[in-house]
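# Sequence and predicted structure, then a few things I'm wondering about:
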Amino acid sequence: MIKNANMKVATAIAITIVIWASAFVGIRVALKNFDPIDLAVVRFLVASLCLLIIALISKKVRIPAKKDLLLISLSGLIGITVYNVFLNLGEMTVSAPSTSFIMNIIPLITMGLSYVVFRESISLRKLVPVVICLSGVAIISFGESAFSLNVGIVYILVGAVSMSVYFIIQKKILANYSSLESVSYTIWSGTAFLLPLQHNAIAAVVNAPISATWTVIYLGIFPAALAYVLWSYAIQHNGPVKTSVFLFFVPITSIVISFVWADEMPNITALTGGAVIAFGMSMYHLPNLKKNQH
C-alpha cells in the first residue's frame, strides 16, 4: 500500500512538472493574440467549468465552512488573480525559459515569508542560497533587457511572491479539505476576482485564431485545473519541502517544450542565470534531502 501511495505521488509530481513547464510556453504563444488579463479570464473560466463538472459528477466537493471563506477568498485572490495577471504581464517581455528559471526561487521566497509571518529563524546557511539565487535573477534580467531595467522581470517576481503566499495559505486549507476541494474553491474564487478586470474577453475569443483559442483552453484544463489538483495532492501526501525540490525540473522541461512548440531558445545569459539559480537552490535543498534520508 505504501509503495502504491508513493507511486501515485510520484506520478502526480511528474505530470505536474511537464504540464507547468508547458504553461510558460503556452502563455507566450497565447499572448500573441490575447490581452494578458483577458487571457487569464478565459483560461480560468475554462478551469472553473472543468472543476464544476468534476465536482457535480464526483459529489466529493463539500460546501466550505463559513469560518474558512475569508481564507479561501484570499487564496483565490493571491494564488489565481494576482499570480496569473502578473505572470502574463511579465511574459509579454520575458521568454518562457527565463520565466521558469525565475519561478524556481519560489521555495526561497516562501522561506522568507515564513520568517516574516511565523518568525522562523534564518541561518547563514539559508541566507547564502537566497543571495545566490537573486544574483541569478539579476543575470537573467540583464540578458532579457540588454542591461536595462525590464519591468517584465519585476512582474514575474511579484507573481513568484504571490505564489509563495498561496502555498502558505494552501497548507492551512489542506488541513481541513481535500486537494480537489481546496483547488476548486481557490480557482472559483480567483476567477470571480478576475472577471471585473477583463477588457473584453468574449471579443478576444471571437477575434483570435482557433489555434490561439485552443491554446487557452489547454491552459485552462491542464496547467490550471489538473495541475493545481495534482500538486495539492502531492503536497498533502509528501510535504511542501520534499515536493518543492522537484520544481528543479520545470526549467529544463520548459526549454525543451519552448523549442518544440514556440521555436524559442534561451540565450547564453539566461542559461547562465538559470545555472546560478539552480546552484543556489541545490545549496538550499541538499541539507533538507539528507535530513529526510536519515
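Nice, thanks for sending it over. All figures in this text were calculated on a predicted structure; none of them were measured in a lab.
# Please count neighbours and contacts with C-alpha atoms only from this point.
Fine.
# Show residues contacting whichever strand or helix holds Phe259.
Following DSSP states H and E, one finds Phe259 within helix 249-262. Helix 249-262 has contacts (CA atoms under 8 Å, 6 or more residues apart in numbering) with 17-18, 20-22, 24-25, 29, 96-98, 100-101, 104, 264-266.
# One more: stretch 194-205?
Asn33, Phe34, Asp35, Ile37, Asp38, Leu39, Ala40, Val41, Val42, Thr81, Thr213.
# Ramachandran coordinates for Ser178?
Main-chain dihedrals, Ser178, degrees, to the nearest 10: phi -70, psi 170.
# Burial check on it, number of neighbours?
18 (other CA atoms under 10 Å).
# Now the closest residue in space to it that isn't next to it in sequence: which helix or strand?
Nearest non-adjacent residue to Ser178, counting by CA to CA, 6 or more residues apart in numbering: Tyr233, 7.9 Å away. According to DSSP H and E, Tyr233 maps onto helix 227-238.
# Pass me the low-pLDDT residue ranges in the stretch 101-250 of the chain, would you?
Low-confidence segments of the stretch 101-250 of the chain (pLDDT under 70): 107, 111, 114-126, 141-149, 240-242, 244-245, 248.
# the helices in it, which residues?
Assigned by DSSP state H, counting those that start in this stretch, the helices in the stretch 101-250 of the chain fall at 106-118, 124-145, 151-173, 179-194, 201-207, 210-219, 227-238, 240-244, 249-262.
# end-to-end on stretch 76-93?
The first residue of stretch 76-93 is 26 Å away from its last residue (CA to CA, to the nearest Å).
# remind me, longest helix of the protein?
helix 2-30 (DSSP state H).
# got the angle between that one and helix 249-262?
Orientation check (axes from the mean of the first three to the mean of the last three CA atoms, to 10 degrees): helix 2-30 against helix 249-262 gives 40 degrees.
# Packing partners of helix 2-30?
Packing partners of helix 2-30 (3 or more CA pairs under 8 Å, 6 or more residues apart in numbering; DSSP states H and E): helix 96-103, helix 210-219, helix 227-238, helix 249-262.
# mind giving me TSV with the helices of the stretch 101-250 of the chain and columns for mean neighbour count?
Output for the helices of the stretch 101-250 of the chain, formatted as TSV (neighbours: other CA atoms under 10 Å):
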stretch	mean neighbour count
helix 106-118	17
helix 124-145	19
helix 151-173	21
helix 179-194	24
helix 201-207	14
helix 210-219	18
helix 227-238	21
helix 240-244	16
helix 249-262	19
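# possible to save those helices as CSV with distance to Asp68?
Converted to CSV, the helices of the stretch 101-250 of the chain look like this (distance: least, CA to CA, whole Å):
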stretch, distance to Asp68
helix 106-118, 19
helix 124-145, 33
helix 151-173, 8
helix 179-194, 10
helix 201-207, 31
helix 210-219, 28
helix 227-238, 18
helix 240-244, 21
helix 249-262, 32
